[in-house]
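sequence and predicted model, in that order:
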2 protein chains.
Amino acid sequence: MRISELSRGSGVSLPTVKYYLREGLLPPGRAMGRNQAEYGDAHLRRLRLIRALIDVGNLSVAGVRQVLQAVDDAELPGHDLLGTAHEAVAGSPRADRSTSGWQAARAEAARIVADRGWLVHERAAALDQLADAIAALRELGQEDMLAMVDGYAEATERLAVQEVGLVLARGDRAAMVEGVVTGTVLGEAVLTALRRLAQEHTSAGLTEPG
Amino acid sequence: MRISELSRGSGVSLPTVKYYLREGLLPPGRAMGRNQAEYGDAHLRRLRLIRALIDVGNLSVAGVRQVLQAVDDAELPGHDLLGTAHEAVAGSPRADRSTSGWQAARAEAARIVADRGWLVHERAAALDQLADAIAALRELGQEDMLAMVDGYAEATERLAVQEVGLVLARGDRAAMVEGVVTGTVLGEAVLTALRRLAQEHTSAGLTEPG
DNA sequence: GGATAGTGGATAGTGATGCTATCCACTAGG
DNA sequence: CCTAGTGGATAGCATCACTATCCACTATCC
């Protein structure tokens, strides 16, 4: 398979394919001569994964590279891959994390997790993100929204068992690795889309007739 | 309150405050002279809301403007505000929605919602986002992940009742409007952070010891 | 009343990001 | 041999979210 077929087969423009090669998102093809290289099915699948992570998962090119490096690291335990995927979707923090309000929110996040008995790395990026959100809610005087935290935690805990089980049910390592990435990133897209739909349905039912 | 106090009080740099004024995110202060204007507490709260939507909610400046215009529209029913908030968080679509694969995914999204008995506008942005994710999962050969859809739908349905109830419990319209926006955007941040933490906990428990 | 810090308003510049375009010497395939 | 296509390099572009500078002017303090 030549580069133009790779482009046509994936719907990604040829200059963009070259760009992904340059950026190291896509491994180089097998060189067959000074200006000829051979790409395989793996390249096509990889290219589709890249597009899904960027288009649906809203990952940056840098985030995608980070994830794919972890995917390609055969040594990395599956659990660490999950952490890497979570860091990549997190992106770089935009909130100010030096204020006392944030520190308090961060402590609150740690407490929520501890109360649940969840065992997570204390430097997990998701803890910081939870703190970002809690700090923002408090600063806006919307702390009553924090009443939802219990419900969220309970729901996500139940879902996580299913999600992790689904991935572990796959036989081989390679399939599990892909499952971690797609489950994390695309699963999140599915979940938030459904959340919005559920909200719209409920809001229509509770506000319109009354 | 002068513009520099507004800047200091919110932690937003003065040039950025001016930028938000230019962009119409922040309403102009009450003019007290040719080059003097008076800002109030409402400006400070608005500025904090803007930062939360951008930093935590990952909204674009255009998205924030869209949301705030809806917030300020006293005529708009609460339910339509929810739809506007959902459109703003959606951003502009990056996936290709003209393929037959996407059309099929879109039909599947509509079917999922219909099977649940959810009543949502058939042009809801969230339906397209759900289709984006479903199409991506299928294209990647990860359709077994769609087994999670039922669990997600059930969980989000239950949560939506609590969420909408929480907002409706607020007395006045203004507080409800703010609740819709923060609940949608910041609630999503809380939910996804907790999802990641739950996944890490579950993954550690199921993969490490075995 | 004079110095100074700050103001609103306008315009231009910046850095990051994600491509897109062009050029090149070269070569596979008809 | 001709043409379309290749890998590789470099440069350009549009968008976004600020950031910086300049201006005439004014409130305020001494």
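Done, it's in.

do the lengthiest helix in chain A and DNA strand C meet?
Under DSSP state H, the helix in chain A containing the largest number of residues is helix A:173-207. No: no part of helix A:173-207 sits close enough to DNA strand C to count as contact by CB under 7 Å from any atom of the strand; the gap is at least 14.1 Å. C-beta coordinates here come from the backbone N, C-alpha and C atoms, glycine included.

touching chain B at all, stretch A:159-171?
Yes: if you take CB under 8 Å from any CB of the partner chain as the test, stretch A:159-171 does meet chain B, through A:159, A:160, A:161, A:162, A:163, A:164, A:165, A:166, A:168, A:170.

and the last one, that's in a helix?
Yep, that's residue A:170 we're talking about. No: looking at residue A:170 with DSSP: H, G, I helix; E, B strand; the rest coil, it is coil, so not inside a helix.

so the closest residue to residue A:29 other than its chain neighbours is in which element?
Among residues not flanking residue A:29 along the chain, residue A:37 sits closest, at 3.4 Å (CB to CB, 6 or more residues apart in numbering or on different chains). Secondary structure here is read from DSSP states H and E; on that basis residue A:37 sits in strand A:36-38.

what sits up against that strand?
Under the contact criterion CB atoms under 8 Å, 6 or more residues apart in numbering or on different chains, strand A:36-38 has outside partners A:1, A:2, A:3, A:28, A:29, A:30, A:31, A:32.

so which bits of that strand are buried?
Of the residues in strand A:36-38, residue A:37 count as buried by neighbour count, 16 or more other CB atoms under 10 Å in any protein chain shown.

just the strands in chain A please.
A:30-33, A:36-38 (DSSP state E).

now the residue nearest to residue A:29: how far from residue A:19?
Taking CB to CB, to the nearest Å as the measure, residue A:37 falls 16 Å from residue A:19.

per the record, what domains does chain A have?
Here the domain assignment for chain A is A:1-55, A:56-207, based on automatic domain parsing.

can I get the ones you listed in JSON lines including mean pLDDT?
What follows is the domains of chain A, written out as JSON lines (pLDDT from 0 to 100):
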{"stretch": "domain A:1-55", "mean pLDDT": "95"}
{"stretch": "domain A:56-207", "mean pLDDT": "95"}
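
can you tell me which of the ones you listed is most buried?
Per-stretch averages of neighbours, counted by mean count of other CB atoms under 10 Å in any protein chain shown, single out domain A:56-207 among the domains of chain A, with a mean of 19.

circling back: could you dump the residues of stretch A:159-171 next to chain B into a markdown table with distance to residue A:120 added?
Putting those into a markdown table (distance: CB to CB, whole Å) gives the following:
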| residue | distance to residue A:120 |
| --- | --- |
| A:159 | 16 |
| A:160 | 11 |
| A:161 | 15 |
| A:162 | 18 |
| A:163 | 15 |
| A:164 | 13 |
| A:165 | 18 |
| A:166 | 20 |
| A:168 | 18 |
| A:170 | 23 |
